[in-house]
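Novice: below are the sequence and a predicted model; questions follow.
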2 protein chains.
Amino acid sequence: MTKQSAGNQAGNPPDNPTEQGDEAYAYPLLIKQLLHTTLATCPEQQIVYGDEVRYTYWGFRHRLGQLASALAGAGVSAGDTVAVMDWDSHRYLECYFAVPMMGAVLMTANVRLSSGQLLYTLNHARAGVLLVHRDFLPMLENIRARLTTVRSFILIGDDVEDARHPAGFHGEYEALINASGPDYAFPDFDERTRATTFYTTGTTGLPKGVSFSHRQLVLHTLAGMAALGSAREQGRVHREDVYMPITPMFHVHAWGMPYIATAMGLKQVYPGRYAPDTLLRLIEREAVTFSHCVPTLLDMILASPAAASVDLSRWKVIVGGSLLSEGLTRAARARGIDVYTGYGMSETCPLLTLAQARGETAEPGATADIGVRTRAGTPLPLVDLRIVDEHMRDVPRDGKSAGEVVVRAPWATQGYLGDAQASAALWAGGYLHTNDIGVIDAEGNLRITDRIKDVIKTGGEWISSLELENLLSTHPGVREAAVIGVHDVRWGERPLALVVLAPGHESVTPEQLQAHVKRVAERGLISRFAVPERLLIVEALERTSVGKINKRALRERYQDSAAKRKPPTRGADRSRAPRR
Amino acid sequence: MTKQSAGNQAGNPPDNPTEQGDEAYAYPLLIKQLLHTTLATCPEQQIVYGDEVRYTYWGFRHRLGQLASALAGAGVSAGDTVAVMDWDSHRYLECYFAVPMMGAVLMTANVRLSSGQLLYTLNHARAGVLLVHRDFLPMLENIRARLTTVRSFILIGDDVEDARHPAGFHGEYEALINASGPDYAFPDFDERTRATTFYTTGTTGLPKGVSFSHRQLVLHTLAGMAALGSAREQGRVHREDVYMPITPMFHVHAWGMPYIATAMGLKQVYPGRYAPDTLLRLIEREAVTFSHCVPTLLDMILASPAAASVDLSRWKVIVGGSLLSEGLTRAARARGIDVYTGYGMSETCPLLTLAQARGETAEPGATADIGVRTRAGTPLPLVDLRIVDEHMRDVPRDGKSAGEVVVRAPWATQGYLGDAQASAALWAGGYLHTNDIGVIDAEGNLRITDRIKDVIKTGGEWISSLELENLLSTHPGVREAAVIGVHDVRWGERPLALVVLAPGHESVTPEQLQAHVKRVAERGLISRFAVPERLLIVEALERTSVGKINKRALRERYQDSAAKRKPPTRGADRSRAPRR
């Protein structure tokens, strides 16, 4: 704390306006400071873990001290990396806070990776301590001998009475907490200290390490609170909401929402392993009003038989990760869900934009239309978001001209861990490149039209695969759709549509779906040139480890399908499609 | 922009977790960045100045470039101080942004100071350029010859056609803007660069200079947005609100609200010189829904004959500067105004707490009770607020135990300009001392019970002067009240109550008011020891230059009144009281 910072003894103000004490160090932006207001104002608010645990924020704070003491006992000190393999739980939330508050780095290990990828990421991040849920012990056994940096293992189990742990483990989470005192002194340190790290998996190459500092997470939290709170009605989050994540906590720290929920003092509900009926039961029992997830999970929840009897009309759901389709939006709206898009990426902490209604559509009672909810929306405060051409020149904000989305934000990652080349490409031209193609209208609404690598280049034009997928999703017979570019001798590329039919609509034919697309094209809403001549009905679409549709795999699988089979038959393709 | 910041060429993450690029410099927190989202999302939103000016945020941004070009033409460069003497106007808002965005320092000169104090502050701050409204030219003429640092004067006039300016002036604001291009390149620089400065006037000594950096103002804006937005209903501000300040823009940058309103993209209305009927006309015509002011101004507006015909039921008003009394709160509530307290001080940018309802009282339809609105409320995010005894030990948060309010916040000033001794006292023990006495309850609600110097020490007990004033204000005959401690041989000090009667209640007697206080004491709500034996009815209460009741002056004036006149008579005191 700088106490005498202003000016000099002569009684004059300093000449240099920056010389008045260094408030960046007098009050560094640290994750622990997100707790001040919450502990002062709602210490009795609840944090719930499935059917297992229910405690207050005071209890949470108490356990943060115990956890830090226990980790210190396991040898953790400032700068160490502590990796976690767990389902979404109160324990994960404890690690979100206690580990960075010690000055250590929380690594949220991706339990959906292959063993080889998981091993690579743990070694690359130099994880020194690994907390692992009992369910992931078989995965750990596959790689344990090849872990090069882990010195200490801690077991996590849901049966708090059962403190047994495998040979060579330091102990079991609850037993260690119970044996530790709460009075750990969380220090002040430089706000640029790394707080979290995780690995992002593209469809090619090794996972890339992304990390965020305390400063970045605090700023992301503040700006997220400001954006979520300032909407008139649709899409807004307030202090009386009840929060439950349905985005894995290992994925971009559950979109940063647990930090936001904690700083707002919300009741929080952690669901453990995701299962639609468990999630629905928690939504009902705990009166959950605010969640976020990828489209697939919302689709699974709505399709669950248990959903019919649960009131979802007070539930706000931010959907991200993949495009929120019109079809899914209509299905969610039919249940009264305030569903809308959040846009961002692993490299941006992740929030960049939210699709909240503004102006007239924001008035109470006004129904924000589907288009408002499915676009990426408007930037959070401080986000400098542009769409640019390949020479970094701004593209007109006319709602039509497409360009790559590039951003600057105080919470954008500075680069990939130990990969200077990829970092330089990420920040080429001084802006972070999202590799997404989008359009922006005069009110600043961003709409993502494609991934750079998924855009279909045909006869010199660009066709948006997302637009076609969205259009297909509006057909009642379509559960989900993917459109990819396949080689074409004449046009370079042509779109190939892959469709999974909705239950009860097995009789829908490719010709009917093509007619659906053609009708829209005839109304001038999409280019007639975009109507795909080739459409396959498949059992399922291949996905990446985080649940996104894997277009690279689809392109490899279906590249030559059109050439080989004319016209494609349903039966033949079913036999080739992967089963879920 | 650091492009290659992560790790080293060997492909390993860096050992030191702070060594991953310096995001504090890659994206410094600068005032200009508050404009990104607003210009992208609501460029057509309006900014209004009285009956004179109406333009859009695009127009505003255009003029920021012109103003910076004009100021550069007047010799302003980074580090220079530009002082402004103006009423609340769009021009002041332009200066709030353009001056700091140039890297210069905006000094908001207090036009209510005496000439001598004004001269002192302009010289002490080393103001290089002075923008002065035509109305303040006589004040300027008094001191112009003694200004030691001002090199250039710019005239501000409300008649945009009239560009005449006094001899020796560089030019007139509108004429200079019209002659300047909009394409000024606002640079990036260190976020700790000083952005604003102004002088705080206590009741003793010279005015003290307080200043805030870009970082502090950006963090204050973000946290303010988060706090204002996250309330369930009562006291919340959202993007569709219409903002009008009624706190002078020279006073703690109008509580930072113009920055918040701009970052939220609100329609903004600047009223010029305050006059109740002008303010009411603007509230009605522009559909103003959000303001802030000191109690006196709200009282004047409600008492204005013009108020009767204006619908105030959609108006949110944050009251600060002095205690929001129960009486004024009831009067405002009777008109449907969502009135509540904001607490802070010049040294804290200023927001520390807001009296928003939480929990059950926050549900729509629930009427937050008077006690919720009149307390100081709960801290903004990141504010570390404590009440402590004289040894900096925490006092229990039981709603009863009183202690001094001390704080840390990322936007607390680091000290007084060129006054190391006062700065050290301000930050004694590592926390900023507010010199306010308060109590905190288990839900974190702060209630200010007194100023340290105003607390009445009687027979070993502390009596809260604010509590007594508040109690007196609940009597229908009382317009305002001040309670001060006066010497007492037996008890050390005893309270003396000074009361201004409400219009139409001129027949109320001191005895009736004492009986009112006594009844409350008999119900056990205040100590019987606190009932003042001495109560004077006066015409008015002396105020400081910023409109607060000047208790030091009252103590000087009335210290011996009780001794001299027993019992005090109304007529005699009326002759002594200052007239407004």
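Specialist: Good, I have the coordinates. Numbering: from 1, shown residues only, chains lettered A, B, ... in the order given.
Novice: rest of the way, CA atoms for contacts and neighbours
Specialist: Will do.
Novice: does A:His133 touch A:Phe153 like I think?
Specialist: No. Counting by Cα atoms under 8 Å, A:His133 sits too far from A:Phe153 to count as a contact (10.6 Å).
Novice: between those two, which one's more packed in?
Specialist: Counted by other Cα atoms under 10 Å in any protein chain shown, A:His133 and A:Phe153 do not tie: A:Phe153 has more neighbours, with 22 against 19.
Novice: average model confidence for stretch A:531-540?
Specialist: In this model, stretch A:531-540 has a mean pLDDT of 92.
Novice: what residues sit buried inside it?
Specialist: For stretch A:531-540, the neighbour count (16 or more other Cα atoms under 10 Å in any protein chain shown) marks A:Val531, A:Pro532, A:Arg534, A:Leu535, A:Leu536, A:Ile537, A:Val538, A:Glu539, A:Ala540 as buried.
Novice: over to stretch A:158-175?
Specialist: Residues of stretch A:158-175 classed as buried: A:Asp158, A:Ala163, A:His165, A:His170, A:Gly171, A:Glu172, A:Tyr173, A:Glu174, A:Ala175 (neighbour count, 16+ other Cα under 10 Å).
Novice: then stretch A:330-339?
Specialist: A:Arg330, A:Ala331, A:Ala332, A:Arg333, A:Arg335, A:Ile337, A:Asp338, A:Val339.
Novice: ends of that stretch, how far apart?
Specialist: Distance across stretch A:330-339, first residue to last, is 9 Å (Cα to Cα, to the nearest Å).
Novice: and it, how far from the chain's centre?
Specialist: The chain centroid and the centroid of stretch A:330-339 are separated by 21 Å under Cα atoms, centre = their mean, to the nearest Å.
Novice: going along the chain, name the strands of the stretch 401-550 of chain A.
Specialist: In chain order, the stretch 401-550 of chain A shows strands spanning A:403-408, A:432-440, A:446-451, A:456-458, A:461-463, A:478-488, A:492-501, A:534-537, with DSSP state E, counting those that start in this stretch as the criterion.
Novice: lowest-confidence stretch among these?
Specialist: Of all the strands of the stretch 401-550 of chain A, strand A:461-463 carries the lowest average pLDDT, namely a mean of 75.
Novice: what's the distance between A:Arg333 and A:Ala303?
Specialist: Noted for A:Arg333: a distance of 14 Å to A:Ala303, by Cα to Cα.
Novice: cool, and A:Ala167?
Specialist: For A:Ala167, the distance to A:Ala303 equals 43 Å [Cα to Cα].
Novice: likewise A:Glu141?
Specialist: Using Cα to Cα, one obtains 36 Å as the distance from A:Glu141 to A:Ala303.
Novice: ok, these two, which is more surrounded?
Specialist: Set side by side, A:Glu141 and A:Ala303 show more neighbours around A:Ala303, with 15 against 11, by other Cα under 10 Å.
Novice: my guess is A:Gly235 meets A:Asp338, correct?
Specialist: Yes. Contact status for A:Gly235 versus A:Asp338: in contact at 6.5 Å, counting by Cα under 8 Å.
Novice: what do the two both touch?
Specialist: Common neighbours of A:Gly235 and A:Asp338 (criterion: Cα atoms under 8 Å, 6 or more residues apart in numbering or on different chains): A:Lys316.
Novice: OK, contacts around whichever residue of the stretch 451-580 of chain A sits closest to chain B?
Specialist: As assessed by Cα to the nearest Cα, chain B sits closest to A:Ile452 within the stretch 451-580 of chain A, at 21.3 Å. With Cα under 8 Å, 6+ apart as the criterion, the residues that contact A:Ile452 are A:Glu404, A:Asn435, A:Asp436, A:Ile437.
Novice: quick one: contacts of stretch A:65-72?
Specialist: With Cα under 8 Å, 6+ apart as the contact definition, stretch A:65-72 has outside contacts at A:94, A:98-99, A:102, A:176-185.
Novice: buried subset of these, written for PyMOL?
Specialist: Listed next is the PyMOL selection for buried residues among those, using 16+ other Cα under 10 Å:
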select buried, chain A and resi 94+98+99+102+176+177+180+181+182+184
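Novice: coming back round to it: for B:His505, find the nearest of the strands of the stretch 401-550 of chain A.
Specialist: strand A:446-451 (60.9 Å; Cα to Cα).
Novice: distance between that closest one and the chain's centre?
Specialist: Taking the mean of its C-alpha atoms, strand A:446-451 sits 17 Å from the chain's own mean (Cα atoms, centre = their mean).
Novice: same check on stretch A:373-389?
Specialist: Taking Cα atoms, centre = their mean, one finds the center of stretch A:373-389 at 16 Å from the center of the full chain.
Novice: report the buried residues of that stretch.
Specialist: Neighbour-count burial for stretch A:373-389 flags A:373-388 (criterion: 16+ other Cα under 10 Å).
Novice: kindly reformat the contacts of A:Ile452 as TSV containing distance to chain B and neighbour count.
Specialist: Formatted as TSV, the entries for those read as follows, by distance: Cα to the nearest Cα, whole Å; neighbours: other Cα atoms under 10 Å in any protein chain shown:
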residue	distance to chain B	neighbour count
A:Glu404	17	25
A:Asn435	17	16
A:Asp436	19	19
A:Ile437	18	24
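Novice: distance of the residue nearest the centre of chain A from A:Ser346?
Specialist: When chain A is reduced to its mean C-alpha position, the closest residue under Cα atoms, centre = their mean turns out to be A:Trp255, at 4.4 Å. In this structure, A:Trp255 and A:Ser346 are 8 Å apart, going by Cα to Cα.
Novice: which bits of the stretch 401-550 of chain A sit near chain B?
Specialist: A:408-410, A:414-421, A:423-424, A:427-428, A:430, A:442-445 (Cα under 8 Å from any Cα of the partner chain).
Novice: which among the strands of the stretch 401-550 of chain A is found nearest to B:Val53?
Specialist: Closest approach to B:Val53 among these (Cα to Cα): strand A:432-440, 30.0 Å.
Novice: and that closest one, which strands flank it?
Specialist: strand A:403-408 (antiparallel), strand A:446-451 (antiparallel) (DSSP bridges).
Novice: who's in contact with the first one?
Specialist: Right, the one you point to is strand A:403-408. For strand A:403-408, the surrounding residues in contact (Cα under 8 Å, 6+ apart) are A:383-390, A:395, A:431-439, A:452, B:27.
Novice: distance from that strand to the middle of the chain?
Specialist: The chain centre lies 18 Å from the centre of strand A:403-408; the measure is Cα atoms, centre = their mean.
Novice: in that strand, which residues are buried?
Specialist: Counting neighbours by 16+ other Cα under 10 Å, one finds that the buried residues in strand A:403-408 are A:Gly403, A:Glu404, A:Val405, A:Val406, A:Val407, A:Arg408.
Novice: show me which residues of the stretch 151-300 of chain A are close to chain B?
Specialist: By Cα under 8 Å from any Cα, the residues of the stretch 151-300 of chain A that approach chain B are A:190, A:192-194, A:222-223, A:225-232, A:237-240, A:263-264.
Novice: now, the residues you listed that are in strands?
Specialist: A:Arg194 (DSSP state E).
Novice: return the subset of the residues of the stretch 151-300 of chain A next to chain B lying in helices.
Specialist: With DSSP state H as the criterion, helices contain A:Leu222, A:Ala223, A:Met225, A:Ala226, A:Ala227, A:Leu228, A:Gly229, A:Ser230, A:Ala263, A:Met264 from among those.
Novice: and the second one, how many neighbours does it have?
Specialist: So that's A:Ala223. Each residue near A:Ala223 was counted by other Cα under 10 Å, and the total is 27.
Novice: leaving out chain neighbours, which residue sits closest to it?
Specialist: Excluding the flanking residues, the one nearest A:Ala223 by Cα to Cα, 6 or more residues apart in numbering or on different chains is A:Pro381, at 5.9 Å.
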